[in-house]
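# fold the stuff below for me.
(one chain, ligands or ions: 1)
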Amino acid sequence: MPINAIPYFVFRDFPEGINREVEQALMQAATGNSFILGEEVEAFEQEFAAAVGAGTGAAIGVGNGFDALVVALKAAGVSPGDEVIVPANTFIATVNAVVHVGATPVLVEPDIHTYNITAETAAEAITKHTKAIIPVHLYGQACQMEELMQLAAAHELIVIEDFAQAQGATFAGKPVGSFGHINATSFYPTKNLGALGDGGAVVTSDAELTAFARMYRNYGQEQKYHNKIVGINSRLDTLQAAVLRVKLQYLDALNAARQRLAQVYLQELQSTGDLILPYTAPKCTHVYHIFNIRTKYRDALQSYLKEQGISTAIHYPVPVHLQQAYAFLGFNAGAFPVAEELANTSLSLPLFPGMTDLEQARVVQAVKEFYQSKNQQW
Ligand SMILES: Cc1ncc(COP(=O)(O)O)c(C=O)c1O
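Predicted structure coming up:
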């Protein structure tokens with residue numbers, strides 16, 4: 001990468017000193033005697049549950065975000081024959097988890113402004129086989145949880161929030177991960193709360209679901225060598241829990257840094273060409289896991305930025321129903337026009353805590369130059 005290149009994402013020592021704290025926590029955990037579960041994981045679980053505001057609830061640390069969804073689905077009793085409503089434009093893990101427990105994913109269109117599913121779009125997909133809805137707080141913006149919870153209550157459905165991209169975001173002042181019956185998140189390194197490897201958590205205020213999830217992630221054992229159910233091995237790694245305990249203390253600061261950078265983009269790029277900038281709905285906050293812009297010139301803009309040494313990403317280039325893996329669902333192009341439009345026009349600009357003003361100014365300037373060079377009316 002050239003010296004003045006701007007990465008899409010890079011880890012910086014932000015807030016300053018966090019890297020040292022993480023190193024110290026790692027060293028301390030590495031010289032301890034407990035490497036599987038233990039005090040460090042328990043402490044993190046308590047701190048994370050408190051941060052998510054799970055009331056009297058609990059967090060259960062697991063191996064990654066996919067497993068968190070699987071554990072949540074299993075705990076909720078989702079099984080073959082059940083249908084689970086999922087966004088057509090989510091990251092593949094959400095849908096894979098549904099298939100993994102033998103249930104049928106029912107894709108629904110997102111709202112064209114927020115890119116999240118709504119009670120309205122979900123309602124159309126409810127059948128007598130529907131067991132659960134998985135709202136995904138995509139890119140870091142909370143879904144309209146009040147209406148979704150009302151819809152679920154009216155049809156006796158379970159809600160499993162996928163808040164992998166939105167740790168710290170709120171709806172009506174309440175953190176995401178605290179609305180659904182049992183919820184799942186990921187600590188993939190680039191997430192707003194990221195580990196130094198894989199990690200995830202399930203969060204719930206329901207004592208029975210908590211007990212199931214705790215057992216299920218650890219071979220189904222209630223006590224050592226006493227197995228009540230057939231579980232899996234998906235435990236949050238102890239060293240990752242040590243890292244996450246440090247980073248959790250800075251989650252608000254990390255999110256504030258993302259929000260500040262997002263405000264600059266929103267301000268500087270307004271009325272630029274045909275760009276559609278992120279929209280934050282009433283009652284929702286956005287923690288900008290991803291700063292997604294849309295343009296019909298997406299591919300040309302991405303190439304232009306690349307020539308200028310600016311890396312970008314696309315979340316996501318192929319919607320779920322057009323993935324080869326999901327050909328069995330039997331959809332063709334045109335089945336989900338909103339999801340397809342998003343896949344064809346979305347571009348994610350560089351945004352990460354510790355990104356400098358100078359770096360961001362270069363991105364803004366390059367985007368503007370792209371449209372000036374096109375020299376057209378918009
Ligand atoms: C919305 C969403 N759900 C689930 C996952 C799965 O998390 P993991 O990669 O930790 O398995 C991710 C991210 O990777 C995600 O963005």
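# quick one: end-to-end length of stretch 131-144, please.
This stretch, stretch 131-144, spans 20 Å end to end (C-alpha to C-alpha, to the nearest Å).
# likewise stretch 290-299?
18 Å.
# any residue of that stretch touching the ligand?
No. Using C-beta under 6 Å from any ligand atom, stretch 290-299 stays clear of the ligand, coming no nearer than 9.0 Å. The C-beta positions use only the backbone N, C-alpha and C, and glycine is treated the same way.
# what about that stretch, average pLDDT?
Across stretch 290-299, the average pLDDT comes to 98.
# cool, and stretch 94-105?
Stretch 94-105 comes out at a mean pLDDT of 98.
# list the contacts of that stretch.
With C-beta atoms under 8 Å, 6 or more residues apart in numbering as the test, stretch 94-105 has contacts from 66, 69-70, 73-74, 78-84, 86-87, 107, 129, 131, 134, 136, 162, 320, 326, 329.
# got the CA coordinates for it in CSV?
C-alpha atoms of stretch 94-105 as CSV (Å, rounded to 0.1, in the frame of the first residue of the first chain):
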residue,chain,number,x,y,z
THR,A,94,-28.0,-14.3,9.8
VAL,A,95,-29.5,-16.5,7.1
ASN,A,96,-27.0,-19.3,7.4
ALA,A,97,-27.8,-19.6,11.1
VAL,A,98,-31.5,-20.1,10.4
VAL,A,99,-30.7,-22.8,7.8
HIS,A,100,-28.2,-24.4,10.3
VAL,A,101,-30.9,-25.1,12.8
GLY,A,102,-33.0,-26.7,10.0
ALA,A,103,-35.6,-23.8,9.8
THR,A,104,-36.6,-22.0,6.6
PRO,A,105,-35.4,-18.4,6.1
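# among the contacts of stretch 94-105, name the ones in strands.
Using DSSP state E, E83, V84, V86, P87, L107, K131 are the members of the contacts of stretch 94-105 that sit in strands.
# and the furthest pair within those?
P87 and K131 (16.7 Å; C-beta to C-beta).
# show me where pLDDT drops low in the stretch 51-200 of the chain?
54-56 (pLDDT under 70).
# please enumerate the strands of it.
58-62, 83-87, 104-108, 130-133, 158-159, 170-171, 174-175, 183-186, 200-204 (DSSP state E, counting those that start in this stretch).
# which helices and strands does the last one pack with?
Other elements packing on strand 200-204 under the criterion 3 or more C-beta pairs under 8 Å, 6 or more residues apart in numbering; DSSP states H and E are helix 39-52, strand 58-62, helix 65-75, strand 183-186, helix 207-216.
# break this protein into its domains for me.
With domains defined by automatic domain parsing, the chain comprises 18-108+115-249, 251-370.
# L329 and the ligand, how far apart?
19 Å (C-beta to the nearest ligand atom, to the nearest Å).
# ugh, wrong one, I meant I18
Applying C-beta to the nearest ligand atom to I18 and the ligand gives a distance of 21 Å.
# likewise for I158?
Distance from I158 to the ligand, counting by C-beta to the nearest ligand atom: 17 Å.
# next, count neighbours for that residue.
The burial count assigned to I158 is 22, neighbours taken as other C-beta atoms under 10 Å.
# for the ligand, what are the nearby residues on the chain?
64-66, 90-91, 93-94, 136, 162, 164-165, 186, 188, 198, 200.
# try it again with 8 Å
64-69, 90-91, 93-94, 97, 136-138, 162, 164-165, 184, 186-188, 191, 198-200, 289 (C-beta under 8 Å from any ligand atom).
# ok, of those, which come out buried?
64-69, 90-91, 93-94, 97, 136-138, 162, 164-165, 184, 186-188, 191, 198-200, 289 (16 or more other C-beta atoms under 10 Å).
# quick one on the thing from earlier: looking at P87 and K131, which one has more neighbours?
Taking neighbours as other C-beta under 10 Å, P87 and K131 compare with P87 leading, 30 against 21.
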